[in-house]
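K.L.:
here is a sequence together with a model predicted from it:
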Amino acid sequence: MIELKQLNKSYRLKQRTIAAVQDINLTIERGEIFGILGKSGAGKSTLLRCVNLLEKPSSGQVIVNNVDLVKLSPRQLRNERRKIGMIFQHFNLLSSRTAFGNIALPLELAGKSQAEIQRAVLSLLDLVHLKEHIDHYPQQLSGGQKQRVAIARALATQPDILLCDEATSALDANSTLSILNLLKEINQTLGVTILLITHELDVIKQICHRAGVLDHGKLIEQGSVIDLFAQPQAAVTKQLVQKALHLELPQAIKNKLHAERGENNSLIVRLTFYGQASDTPLITTLSKKFDVTINLLQANIENIQDTTLGFTVCQLSGEAEAIQQALDYVRSLSIMAEVLGYV
């Protein structure tokens, strides 16, 4: 388990103090895959590096498996770090070593025998599906294969926790999906807790159980992945979701929107539905039941963790009372209805 309490990290830059991480309170359960999402410069990498104290916090607690790392001596901290593996965006492999040699390195540093190293490395190469590349050097490997070697190296000391610093950002779409599936497999088979940071909502969607959103060093929102997609609370989260799912309104429609109701009683509404609500023939029902005209502007359906999540943006026109009754009916079905403006 990872528990961050009132975590802060600041840097002194000339005459200014930069608050990279501010008052973070976060609990990640054992065996969980937790994602930290944020734009560039949000403080994601700093937060991740505070977990294994590659960055020493300015204040607060970093509790890993009931041990506060901040209070440890350098020797004690080295011992605890063996339980925390880390993989990076650009792999950080040694070009002079083969796949076998890169994975063996942490075991050599730990003083393991040649027989132990041989046995462990072969098992890890099998785990990451790279046995046939045992003697290949990094320059002979693709980006996805390099990251597999890096993952195997991070697992060499049998860590409880794996930290992933933008682990798929340097990869193409196919390699990204392959690495994410591998991380999911490792989580399920080894029970390793995974904390990853990313600026890509697709990564969160693919493998995370829960996620948090970081903005200007502050954790502004956290929850299940389904809730973050279906019911984002913070403006930053809404922007990220809309961009990832292509839900942003066309500029031509935005230009027509007004904050107040117009004479023609027409409004633009975004409907979000998931689970059983996604099976409701909503558009037909609203038109027949409430005598409102519906113009469908956008629609998108996503599958997230075996749950169907749908988004529809439409224009409702008709009598004001009928429109309100239609919206009340929609909400009674546990479908979220957000009025975006009036036209």
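P.N.:
All right, it came through fine. Worth saying up front: this structure is predicted, and the values here are computed from it rather than measured.

K.L.:
strands of this protein, start to end?
P.N.:
Listed from the start of the chain, the chain has strands (DSSP state E) covering 2-13, 16-28, 33-37, 59-64, 67-68, 84-87, 161-165, 193-198, 210-215, 218-224, 266-274, 293-304, 307-317, 336-342.

K.L.:
show me what the fifth one is in contact with.
P.N.:
Strand 67-68 is contacted by residues Q61, V62, E80 when judged by Cβ atoms under 8 Å, 6 or more residues apart in numbering. Every residue, glycine included, has its C-beta placed from N, CA and C.

K.L.:
most neighbours of all the residues you listed, which one?
P.N.:
Ranked by neighbour count (other Cβ atoms under 10 Å), those have V62 at the top, with 22 neighbours.

K.L.:
rewinding a little: tabulate the strands of the chain in JSON lines, adding columns for mean pLDDT.
P.N.:
Supplementary listing: those in JSON lines, determined by pLDDT from 0 to 100:
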{"stretch": "strand 2-13", "mean pLDDT": "94"}
{"stretch": "strand 16-28", "mean pLDDT": "94"}
{"stretch": "strand 33-37", "mean pLDDT": "96"}
{"stretch": "strand 59-64", "mean pLDDT": "97"}
{"stretch": "strand 67-68", "mean pLDDT": "96"}
{"stretch": "strand 84-87", "mean pLDDT": "96"}
{"stretch": "strand 161-165", "mean pLDDT": "96"}
{"stretch": "strand 193-198", "mean pLDDT": "96"}
{"stretch": "strand 210-215", "mean pLDDT": "96"}
{"stretch": "strand 218-224", "mean pLDDT": "95"}
{"stretch": "strand 266-274", "mean pLDDT": "88"}
{"stretch": "strand 293-304", "mean pLDDT": "86"}
{"stretch": "strand 307-317", "mean pLDDT": "87"}
{"stretch": "strand 336-342", "mean pLDDT": "90"}
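
K.L.:
same list (the ones you listed) but as a markdown table, adding distance to Q147.
P.N.:
Converted to a markdown table, these look like this (distance: least, Cβ to Cβ, whole Å):
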| stretch | distance to Q147 |
| --- | --- |
| strand 2-13 | 23 |
| strand 16-28 | 22 |
| strand 33-37 | 17 |
| strand 59-64 | 24 |
| strand 67-68 | 29 |
| strand 84-87 | 7 |
| strand 161-165 | 10 |
| strand 193-198 | 13 |
| strand 210-215 | 21 |
| strand 218-224 | 27 |
| strand 266-274 | 32 |
| strand 293-304 | 24 |
| strand 307-317 | 28 |
| strand 336-342 | 37 |
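
K.L.:
for those strands, which one sits closest to L245?
P.N.:
Relative to L245, the nearest member of those by Cβ to Cβ is strand 293-304, separated by 5.5 Å.

K.L.:
break the chain down into its domains, please.
P.N.:
In terms of domains, the chain is parsed into 2-243, 249-342 (source: automatic domain parsing).

K.L.:
tell me which of those sits most buried.
P.N.:
Greatest average neighbour count among the domains of the chain goes to domain 2-243 (a mean of 18), per mean count of other Cβ atoms under 10 Å.
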